[in-house]
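Participant: Below are the sequence and a predicted model; questions follow.
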Amino acid sequence: MVIFELGPTKQLNSVIIDFFRKKRVEDINWKEEVRTLEGQNLLLSYTVASKMITKHRFDFSYQKKFLELLTIHLETVKANRTLIYHALGGLCKREKEPEQYHDVFYPVFEIGNIDILTEVNMIILKESTKLISHGTTGLNTWQASQALADWAIQTTSVKNKTILELGSGVGLTGLVISSSTPCNKYIFTDRNKEVLSLLKYNVKHNCDETLVDENNPEGGVMLFSGLVKRCKVEVRKLDWPRLRQGIFNEIESIDLIFTADVIYDEFINLPFLNAIRMFLDNGTKAAIIAYARRNSETMRALRETLVWMELKYKDLETVQPKYLGWEASPTVDLIQVTK
């Protein structure tokens, strides 16, 4: 996580943040300040020409579209477009062939207060440029991960808690929670080799301090641990469909289980809920499951399996974007599961 300082012209900050979070360019509200050469120069210096962008592999196609639609807007309002044309030409000269991975930025701030902020927390994740890569969808951030993180910031239930996440993917949920809430410890887990490698990379590069960095882990050995602010974080390999009782001798007591967008097929419901039950049987208070409403049959099957396993569940209040700029459609549901 890094602290990203916003520009001195507060009216442009919403445009700057929209750029970093890759808001649909057609929906960006171009401020009057972009009509002046001074405003354009300032906007460029905090977006496509910023050190943050030149240092990382930020989506070239998005940068290009951002500048193209800005020129169209300036033409519409009959403003000078010379600076933007020059920036667009420079961007095209350094455009590269699409890579396997790129860097994705996640500004974390109270969205309604953008006009009074001078800086925001910025989580930067390395993610796949493809939705499916190496036979998995776990190399990208999905909607429910952002919704679960947003919910955790808005609630008080994570204070001083130790949280373990099943299927952490590239790590956004845990990095947001560990950097923006008073949780005590966050344990990232996954079972896919490629996902674990990327997960470790992302957690390590967003940590304030490294405690353990294991290069050749075996079995369930911890891959990494560090500190994000005051929260201790760990990355572990955990194959939850084959969860063994001995794992509870290796990790400390877990207060909460978090999981987001891991339910996509009803055939994994039983092993998934068996893993949750094992944690509940070993002292975990509750599991929070976040999922986007993509397939009603899959969700119906999940609820039926919960009833069949005699696990209690309740629907939590639907969360809306407040600290992360995720799409609110389709709706993301959150279920709390207890014994």
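Facilitator: Thanks, I have it. These numbers were taken from a predicted model, which means no experiment stands behind them.

Participant: From now on I want contacts and neighbour counts done on CA atoms only, so please keep to that.
Facilitator: Fine.

Participant: Point out the other helices and strands that the lengthiest helix in the chain packs with.
Facilitator: Longest helix of the chain, by residue count under DSSP state H: helix 60-76. Applying 3 or more C-alpha pairs under 8 Å, 6 or more residues apart in numbering; DSSP states H and E, we find helix 60-76 packed against helix 82-94.

Participant: For the helix it packs on, what is the distance to the chain centroid?
Facilitator: Chain-centre distance of helix 82-94: 30 Å, with C-alpha atoms, centre = their mean, to the nearest Å.

Participant: now the angle from it to helix 60-76?
Facilitator: 160 degrees (axes from the mean of the first three to the mean of the last three C-alpha atoms, to 10 degrees).

Participant: contact partners of helix 82-94?
Facilitator: Leu37, Gln40, Asn41, Leu44, Phe60, Lys64, Leu67, Glu68, Leu70, Thr71 (C-alpha atoms under 8 Å, 6 or more residues apart in numbering).

Participant: Which residues are in contact with the second one?
Facilitator: I take that to be Gln40. Glu33, Val34, Leu83, Ile84.

Participant: What is the burial count for the first one?
Facilitator: Close neighbours of Glu33, defined as other C-alpha atoms under 10 Å, add up to 15.

Participant: Helices along the stretch 1-150 of the chain, start to end?
Facilitator: 10-20, 37-46, 51-55, 60-76, 82-94, 143-154 (DSSP state H, counting those that start in this stretch).

Participant: do you know which of the ones you listed lies nearest Asn215?
Facilitator: helix 51-55 (25.7 Å; C-alpha to C-alpha).

Participant: just to revisit the earlier point, between the contacts of Gln40, identify the one with the most neighbours.
Facilitator: Neighbour counts for the contacts of Gln40, by other C-alpha under 10 Å, peak at Val34, which reaches 23 neighbours.

Participant: Ile53 versus that one, what's the distance?
Facilitator: 20 Å (C-alpha to C-alpha, to the nearest Å).

Participant: Tell me which residues of the worst-scoring helix or strand of the chain on mean pLDDT come out buried.
Facilitator: When each helix and strand of the chain is scored by mean pLDDT, DSSP states H and E, helix 247-250 comes last, with a mean of 82. For helix 247-250, the neighbour count (16 or more other C-alpha atoms under 10 Å) marks no residue as buried.

Participant: which stretches of the stretch 101-250 of the chain form strands?
Facilitator: 101-108, 119-128, 162-165, 185-190, 209-213, 222-228, 231-237 (DSSP state E, counting those that start in this stretch).

Participant: Enumerate every residue touching the spatially most central residue of the chain.
Facilitator: With distances taken as C-alpha atoms, centre = their mean, Leu172 lies nearest the centre of the chain, 3.0 Å away. Leu172 is in contact with Ile123, Leu125, Thr141, Ser145, Gln146, Ala149, counting by C-alpha under 8 Å, 6+ apart.

Participant: Pick out the lowest-pLDDT one from these.
Facilitator: In terms of pLDDT, Thr141 ranks lowest among these, with 92.

Participant: Tell me how far the residue nearest to that one when sequence neighbours are not counted lies from Lys200.
Facilitator: Nearest residue to Thr141 in three dimensions, chain neighbours excluded: Val170, at 6.5 Å (C-alpha to C-alpha, 6 or more residues apart in numbering). Val170 sits 8 Å away from Lys200, going by C-alpha to C-alpha.

Participant: Backbone dihedrals for the residue in the chain sticking out farthest from the centre, please?
Facilitator: For the chain, the largest distance from the centre (C-alpha atoms, centre = their mean) belongs to Lys78, which lies 38.6 Å off. Per-residue torsions, Lys78: phi 60, psi 50 (degrees, to the nearest 10).

Participant: And it, what's its pLDDT?
Facilitator: The model's pLDDT for Lys78 equals 93.

Participant: distance of it from Thr36?
Facilitator: 11 Å.

Participant: list the contacts for Thr54?
Facilitator: Per C-alpha under 8 Å, 6+ apart, neighbours of Thr54: Val48.

Participant: so what pLDDT did it get?
Facilitator: 86.
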